[in-house]
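J.: what follows is a predicted structure for the sequence shown.
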Amino acid sequence: MMDLGNLDGMTEIDKLMAIIDFYFPGKADAVRVLLGAVASLAVIGSRKTIPLWICGEPGASKSTVLNIVGGGLNLLDFANIDTEFALFIEQFSAKSFRSVHNRDDSIDLLDRLREGGPRVLITSELNILWTKPQQQLDELLGQVCKVCDDDPSISYASAGRISGSHSTTANNFVWLAATISLPDKVSKRFSNSLGPRLYFFNMKEPTQTAAEISSSLSNMESNQIDYADAVSVCQHAIAAFLRVVNITPNSIVWNKSEDEGTSILSDVATILRVLRAGLEERKKKNQIRFRKATLEAPARSRKIITQLARGDAVLRQSNSIDMTDIPLVCKTMFDTAEVSYPERTQIFYILLENNGTIALEQLAHRLKSTVEFILETVNQLEFLGLVQLMGNTVTFTAEYAEMAMGFQSYVFPETIQRNEVN
């Protein structure tokens, strides 16, 4: 069996990530971003409820990551609430937050997720929801929107009485969930309806050659660790981490004057609103014409981005953001855009990797598509003002070029290193 090695001299968060990566290679970032979202509740004044969903193909270990995080949070009563901090709910539906038939002795889910009770909601499989009729999906969207907006009207009349409302002033929570890649009709509707309220972290399996796959399978067989034992070790590692690192809700005074990278966080929100923008299209004589863009208000997503960055800082035992907190937040935001508009985000990535310019034919080759197919997405981004098509070359526009290229070192650090060598 492989050896974890010596963890002496490492920070508490680095120790935890080393343990996660040892037992579940490649999953440490997912655990960290989810745990960081939970840790953001520790900052006094963090009021927003954050739905942060893991997205990935079947077998990407999404449920495992949720089990590690939720199970670890529940092993230790670090918040002194005398109950589990993470609430696992299966069979989730639009009516889960508020029950239509509310008995006198029952407590609605939304009333449980509050100060002094669980502050993390975990729903391991949302896939079944995407097969529901459009009316039920729209109802779910409405409920998620109200929960995130602290709307007191999220109630149902029942037996002559009205269920109570929920105020997130001190009762905001983090909603962690897992889903396979969303169907196109669902992802577009979510993006257009929920805008800056819903966020995703994409768990992608690494691209491997046939030889690499065979070698990893052989190593897995020879170094096999029982799955349940591995999950338990990681959960206890999180509990041990929480004994040292404070993430108790509303317990940390933030030092905004020492925050670093705030301009990058603003840039992320600005680019995200373009990548996720809805477009009204009209077909005329076999040509698509864009009539109107629906751009989300960036102020809200900027608050969530800041909250997530602060959560990562809390994991480092800091009360201010530094530049090491930025990369995972950037990934989360661009993953969020990619769930709704994968082609737009992929073009954005490719332009970053190629220093902001690429030939149309080369872009089609990189996307394993045809020029005719990708031209529609390029035209969308051109209408939105992010790129321009000059002859046969796609580039960032002057308005966005400097801002967009500022993300290169966070998304493709190897590109910077390669350019410096050349």
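T.: Yes, it's here.

J.: what residue ranges in this structure score low on pLDDT?
T.: 1-3, 93-94, 98-107, 150-170, 191-196, 206-209, 212-224, 282-288, 413-422 (pLDDT under 70).

J.: now the strands for this protein?
T.: Ranges of strands in the chain, per DSSP state E, are 50-55, 86-88, 120-123, 157-158, 161-162, 174-179, 199-202, 278-284, 287-294, 357-359, 387-390, 393-396.

J.: looks like residue 381 contacts residue 344 (just checking).
T.: Yes: if you go by C-beta atoms under 8 Å, residue 381 and residue 344 touch, sitting 6.0 Å apart. C-beta coordinates here come from the backbone N, C-alpha and C atoms, glycine included.

J.: with neighbour numbers in mind, choose between the two.
T.: Neighbour count, other C-beta atoms under 10 Å: between residue 381 and residue 344, residue 381 has more, with 25 against 22.

J.: measure that one to residue 179 for me?
T.: In this view, residue 381 and residue 179 are 26 Å apart by C-beta to C-beta, to the nearest Å.

J.: try residue 81
T.: Going from residue 81 to residue 179 by C-beta to C-beta gives 28 Å.

J.: ok, the two, which is more surrounded?
T.: Of the pair residue 81 and residue 179, residue 179 is the one with more neighbours under other C-beta under 10 Å, namely 21 against 15.

J.: contact partners of stretch 233-250?
T.: Identification of contacts with stretch 233-250 by C-beta atoms under 8 Å, 6 or more residues apart in numbering yields 12-13, 15-16, 19-20, 23-24, 31, 35, 38-39, 41-44, 46, 67-69, 71-73, 75-76, 78-80, 115, 119, 170, 252, 314-315, 317.

J.: can you rerun that using 6 Å?
T.: For stretch 233-250, the external contacting residues (C-beta atoms under 6 Å, 6 or more residues apart in numbering) are 12, 16, 19-20, 23, 39, 41-42, 44, 68, 71-72, 75-76, 78-79, 119, 314, 317.

J.: same question for stretch 406-415.
T.: Under C-beta under 6 Å, 6+ apart, the answer for stretch 406-415 is 327, 330, 352-353, 416.

J.: what residues of stretch 14-30 count as buried?
T.: Burial within stretch 14-30, assessed by neighbour count using 16 or more other C-beta atoms under 10 Å, is assigned to 15-17, 19-24, 27-30.

J.: can you redo those residues as TSV with distance to residue 412?
T.: What follows is the buried residues of stretch 14-30, written out as TSV (distance: C-beta to C-beta, whole Å):
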residue	distance to residue 412
15	28
16	26
17	21
19	28
20	24
21	21
22	26
23	28
24	25
27	22
28	20
29	16
30	20
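
J.: for these, which one is nearest residue 395?
T.: residue 29 (30.7 Å; C-beta to C-beta).

J.: for residue 315, see how far away the residue lying closest to the closest one once chain neighbours are set aside is.
T.: Closest residue to residue 29 apart from its sequence neighbours, by C-beta to C-beta, 6 or more residues apart in numbering: residue 328 at 6.4 Å. Applying C-beta to C-beta, the value for residue 328 to residue 315 is 10 Å.

J.: more neighbours: those two, which one.
T.: Ranked by neighbour count (other C-beta under 10 Å), residue 328 and residue 315 place residue 315 first, with 23 against 20.

J.: hmm, residue 39 and the more buried one touching each other?
T.: Yes: assessed by C-beta atoms under 6 Å, residue 315 is found in contact with residue 39 at 5.4 Å.

J.: bridging residues for the residue nearest to residue 291 when sequence neighbours are not counted?
T.: Of all residues not flanking residue 291 in the chain, residue 280 sits nearest, at 4.4 Å (C-beta to C-beta, 6+ apart). With DSSP bridges applied, the residues forming beta bridges to residue 280 are residue 292.

J.: make residue 1 into 242 and carry on from there
T.: With the count now opening at 242, the last piece we talked about shows up as residue 521.

J.: what's around residue 521, how many residues?
T.: Neighbour tally, residue 521, other C-beta under 10 Å: 10.

J.: so it touches residue 533, yeah?
T.: Yes: at 4.4 Å, residue 521 and residue 533 qualify as touching, with contact defined as C-beta under 6 Å.

J.: isn't residue 277 up against residue 553?
T.: Yes: with contact defined as C-beta under 6 Å, residue 277 and residue 553 form a contacting pair (4.2 Å).

J.: residue 418 versus the closest residue to residue 439 other than its chain neighbours, what's the distance?
T.: With sequence-adjacent residues excluded and distances taken as C-beta to C-beta, 6+ apart, residue 439 is closest to residue 292, at 5.2 Å. Using C-beta to C-beta, residue 292 is found at 7 Å from residue 418.
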